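Engineer: Requesting a structural model of the entry that follows:
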Amino acid sequence: MENFRNALFVPHGAPTFALDSGAAGKAMSELASLYTTPRAIIVVSPHWDTTVPTVSTASQLETIYDFYGFPEELYRIKYPATGYPEGAQEVVKTLQKRFSQVATDATRGLDHGAWTPLRQMFPDAHIPIIAVSIQSHAGTAHALAMGEALEELTHQGYLVIGSGNITHNLGDYRMAAMQGGQTPDYVQTFADWVEVQMLGKHLQHLIDYRQHSKEGVRSHPAEDHLLPLFVAMGAAGKDATAQAFYRGISSYVIAMDGYTFS
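Structural biologist: Residues are numbered from 1 along each chain as shown. As a prediction, this is how the structure comes out:
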């Protein structure tokens, strides 16, 4: 282990990432081997979006296919993840120190934002998983606060993984696909801007990215896919230093950048 904090941000791209993970997947697989096996993984995906922070207490986590119109082989993939009800209660208690309302869900499994990167990084599904929801209506500062609440668990053997994408505009994806697959300039520009802010520890600029980056709103018409980055940053700790372990673009408009913290 290279002095990594037990928090990281990984991309999950389009659902087809599970079939063809490319260079990003290779980087994620290699990264996973550098971490000490955690007691459990706390995973935050944009595809579980609730009114208040919610923790899955399920013992077995169903593989959720929360997409449609993709190749049939994608729907045959199973990620046989085991839950950790006891650990989930620790997560609940930890979040309750920061938030007045925290809910549990005894049946929630793993959506593709969670199981796709986990399957890439931990293909044997040998580590217990605890899924935690985002609250897209509450914004970036709230997501950061969630991560800050979870930081204490990173010192107790838990690994916090935020899964999302640095850019995510499905309308532009459809347009690019129809027009021959050219990547709009803003995708790389915003990804570069995020890296500069991350490396420079310009936290407030990141929180207010929609005001500080002219590409911010187009990169995220809805904020859900960027919020897990803030959870990961919060969980890494205020003095953490970010480093991109992979940077690249997939599916025309999805910046697949991932970050570790030390």
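
Engineer: Contacts only, for the residue nearest to A176 when sequence neighbours are not counted.
Structural biologist: Leaving aside its sequence neighbours, A176 sits nearest to Y252 (CB to CB, 6 or more residues apart in numbering; 3.8 Å). From N, CA and C alone the C-beta is placed, and that goes for glycine too. Contacts for Y252 (CB atoms under 8 Å, 6 or more residues apart in numbering) come out as 172-173, 176-177, 181-183.

Engineer: low pLDDT regions in the chain?
Structural biologist: Counting by pLDDT under 70, the low-confidence segments of the chain come to 1-2.

Engineer: Tell me how many other residues crowd L19.
Structural biologist: 13 (other CB atoms under 10 Å).

Engineer: tell me the secondary structure for the residue nearest to A176?
Structural biologist: coil (DSSP: H, G, I helix; E, B strand; the rest coil).

Engineer: again, but for A125
Structural biologist: Judged by three-state DSSP, the three-state class of A125 is coil.

Engineer: I'd like to know which elements the helix or strand hosting I42 is packed against.
Structural biologist: Secondary structure assignment for I42, by DSSP states H and E: strand 40-49. If you count contacts as 3 or more CB pairs under 8 Å, 6 or more residues apart in numbering; DSSP states H and E, strand 40-49 packs onto helix 112-121, strand 129-134, helix 139-154, strand 158-164, helix 227-236.

Engineer: Show me what the first one is packed against.
Structural biologist: Going back to what we said before, that points to helix 112-121. Helix 112-121 packs on strand 7-11, helix 22-32, strand 40-49, strand 129-134, strand 158-164, going by 3+ CB pairs under 8 Å, 6+ apart.

Engineer: Including distance to D66 and mean neighbour count, could these go into TSV?
Structural biologist: TSV is the format used below for the helices and strands packed on helix 112-121 (distance: least, CB to CB, whole Å; neighbours: other CB atoms under 10 Å):
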stretch	distance to D66	mean neighbour count
strand 7-11	17	29
helix 22-32	20	17
strand 40-49	6	24
strand 129-134	13	27
strand 158-164	13	28
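
Engineer: Next, find the distance separating K238 from E148.
Structural biologist: 8 Å (CB to CB, to the nearest Å).

Engineer: who has more neighbours, those two?
Structural biologist: Counted by other CB under 10 Å, K238 and E148 do not tie: E148 has more neighbours, with 18 against 10.

Engineer: and the residue nearest to the spatial centre of the chain, what does it touch?
Structural biologist: Geometric centre of the chain, nearest residue: S163, 1.3 Å, by CA atoms, centre = their mean. Contacts for S163 (CB under 8 Å, 6+ apart) come out as 9-12, 43-46, 113-114, 116-117, 228.
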